[in-house]
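Peer 1: all I have is the shape, not the residue letters:
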C-alpha cells in the first residue's frame, strides 16, 4: 500500500467522530486478495458483487451478512454489475462479453453488442433503461438499452473523449459520463439521452482521468468526482454544488484515486488501487488515512446510515457490524524491466511479464507531469513475456513511463543523459 503524510486537524476529527459513531466494516464475502471491482445493492438487503480477476459473482439477501457464489466467467475480468429489478441484471467484463440475467443472477446469457471492447461503467435508470460505457484503455463509447438490456444502441463518444469509465444518470434523458480526453480528465453531460454531450469539466492535464462520480443522495445539485492522476502528481477530488456548472478541485494524498463517496457535503471518503479509506471532514481540504480497507473502487449510499463500497472486500458503512482487523494486501504489480536506465541513446527497452490476458496503455511524462505522448495501446491475449522499444526525447532529463493495465498503474522513472 502506498503510504502518504496527511495534514489532520485533530479537534475537527474528534468532533466528526462524536457526531457520527458509525464506521466501515468488512462484510463476510469471500476474500482472496482479488479486487471486487463493483458492488450493487438494489435495496438495503439484496446486492451483488463482481470479483474482477477472481472471475466470480456473488449475491447477498441479508445486507452482506452472507454471500452466495452464483456465476463465474473464466479468464474474463468482471468489471461492473447493475440490476434493474430483483430479476434482471447486467454484468460487464473487460472484454467484448456482456451478460444478462433474468432470474436474479442464477443463470446468465451472453449478449452481443457490436463495437464494444469492454464495459467499464453501468447505470440503470429504471426497470427498462440502462446505460453503459467503456473503455479505460480506449476507445470511448456509450451503450444504451430501453428494453431492460435485451437490445442495445452503440454511441460513438470519440468526438468528446478518448476513454470512458463512468456513466451516472438522473433520469432517462439527463446524465453524466466521465473519463479522459486528449486534453485531460473530463466530465460530460447529456440532456437528450446520449444523442449529444457537453463538456462540463476538464482537468486540463493530459493523462489524467475522471474515474468515478457521485451525486449526493440528499442533494442532487452536489456532484463529486475522483480524478486519477499519474506519477509524480497527486489525484484529486472535484466537487460541484450546481449540477456541474462550476467545480472546485482539491488534491488527495494519493496518485491513483478512483472511488469517491460522501455522506454529507463535507464528510466523505476516497480511495483507489493502492489505498484504503482516506477520510475528510472538510470537503477535501485535509485528509486522514483511516488505515482500513484496500483497493477501493465503487461507493453506493442509501442514506446517512447505510452505504456499501467495493475493494478487496465488500465494505459496509453501519453501526451494526464490528470493524475487523485486516492484513495489508500486497499490490499485484506487473514484472516490468526498463533498460538501459540511464538512457544513453534515443530509445529505451521495456520487458513485461504478463500473468494473464490484459490491456495495456503506456504514456510518457516529463518531470513536471506534462504528458509527452501515448506510446502504446495493446490488448494482451495471453500470458507471457513481451518486449517493447520506445523513443525518448533527445533533451536530457528525468521522465516517467506510466503503465495502465487491468489491475492498476505502475510508473517507471527514467533518466535521459
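Peer 2: Structure's in. What do you need? Treat the numbers as computed from the prediction; the structure is a model and nothing was measured.

Peer 1: where does the chain dip in pLDDT?
Peer 2: Along the chain, segments meeting pLDDT under 70 span 1-21, 319-332.

Peer 1: can you give me the helices in it?
Peer 2: For the chain, applying DSSP state H gives helices covering 10-19.

Peer 1: what about residue 333, how many neighbours?
Peer 2: Using other CB atoms under 10 Å, residue 333 has 14 other residues around it. Yep, even glycine has a C-beta here, placed from its N, CA and C like the rest.

Peer 1: so it touches residue 410, yeah?
Peer 2: Yes. Between residue 333 and residue 410 there is a contact under CB atoms under 8 Å: 5.8 Å.

Peer 1: OK, contacts around residue 24?
Peer 2: 269, 277, 290, 292-293, 309, 315-317, 323 (CB atoms under 8 Å, 6 or more residues apart in numbering).

Peer 1: which residues does it bridge with?
Peer 2: Residues in a beta bridge with residue 24, per DSSP bridges, are residue 317.

Peer 1: could you do residue 388 as well?
Peer 2: Bridge pairing for residue 388 - DSSP bridges - gives residue 350.

Peer 1: run a quick neighbour tally on it.
Peer 2: Neighbour count of residue 388, defined by other CB under 10 Å: 14.

Peer 1: residues contacting the closest residue in space to residue 283 that isn't next to it in sequence?
Peer 2: Nearest residue to residue 283 in three dimensions, chain neighbours excluded: residue 266, at 4.7 Å (CB to CB, 6 or more residues apart in numbering). Shown in contact with residue 266 (CB under 8 Å, 6+ apart): 280-283.

Peer 1: any idea how far residue 243 is from residue 266?
Peer 2: Distance of residue 266 to residue 243, computed by CB to CB, to the nearest Å: 19 Å.

Peer 1: do the same with residue 83
Peer 2: For residue 83 relative to residue 243 (CB to CB), the value is 26 Å.

Peer 1: the more surrounded of the two?
Peer 2: Shown here are residue 83 and residue 243; by other CB under 10 Å, residue 83 has more neighbours (24 against 16).

Peer 1: for residue 170, give me its contacts.
Peer 2: Neighbour list for residue 170: 215, 220 [criterion: CB under 8 Å, 6+ apart].

Peer 1: 7 Å instead?
Peer 2: By CB atoms under 7 Å, 6 or more residues apart in numbering, the contact set of residue 170 is residue 220.

Peer 1: now do residue 103
Peer 2: Contacts for residue 103 (CB under 7 Å, 6+ apart) come out as residue 87.

Peer 1: cool, residue 297 as well?
Peer 2: Listed by CB under 7 Å, 6+ apart, the contact set of residue 297 reads 35, 37-38, 258-259, 310-311.

Peer 1: ok, back up a step: can you report phi and psi for the residue nearest to residue 283?
Peer 2: Reported as degrees, to the nearest 10, the phi and psi values for residue 266 are phi -110, psi -30.

Peer 1: one more: residue 287?
Peer 2: According to degrees, to the nearest 10, residue 287 has phi -140, psi 150.

Peer 1: my read: it touches residue 254, true?
Peer 2: No. Counting by CB atoms under 7 Å, residue 287 does not reach residue 254; the two are 8.8 Å apart.

Peer 1: settle it for me: which of those two has more neighbours?
Peer 2: Using other CB under 10 Å as the criterion, residue 287 and residue 254 rank with residue 254 on top: 26 against 23.

Peer 1: how close does that one get to residue 53?
Peer 2: On the measure of CB to CB, residue 254 and residue 53 end up 22 Å apart.

Peer 1: same check on residue 191?
Peer 2: 37 Å.

Peer 1: of these two, which one has the most company?
Peer 2: Between residue 191 and residue 53, residue 53 has the larger neighbour count (other CB under 10 Å), namely 21 against 14.

Peer 1: how far away is the more buried one from residue 257?
Peer 2: Taking CB to CB, one finds residue 53 at 21 Å from residue 257.

Peer 1: try residue 108
Peer 2: 32 Å.

Peer 1: of these two, which one has the most company?
Peer 2: residue 257 (29 against 20).

Peer 1: nearest residue to the more buried one in space, please, no chain neighbours.
Peer 2: Residue 257 sits nearest to residue 235 (CB to CB, 6+ apart), 3.0 Å away.

Peer 1: that neighbour pairs with what?
Peer 2: Beta-bridge partners for residue 235, by DSSP bridges, are residue 252.

Peer 1: got the contact list for it?
Peer 2: Neighbour list for residue 235: 226-229, 252, 254-257, 272 [criterion: CB under 7 Å, 6+ apart].

Peer 1: no further queries at this time; thank you.
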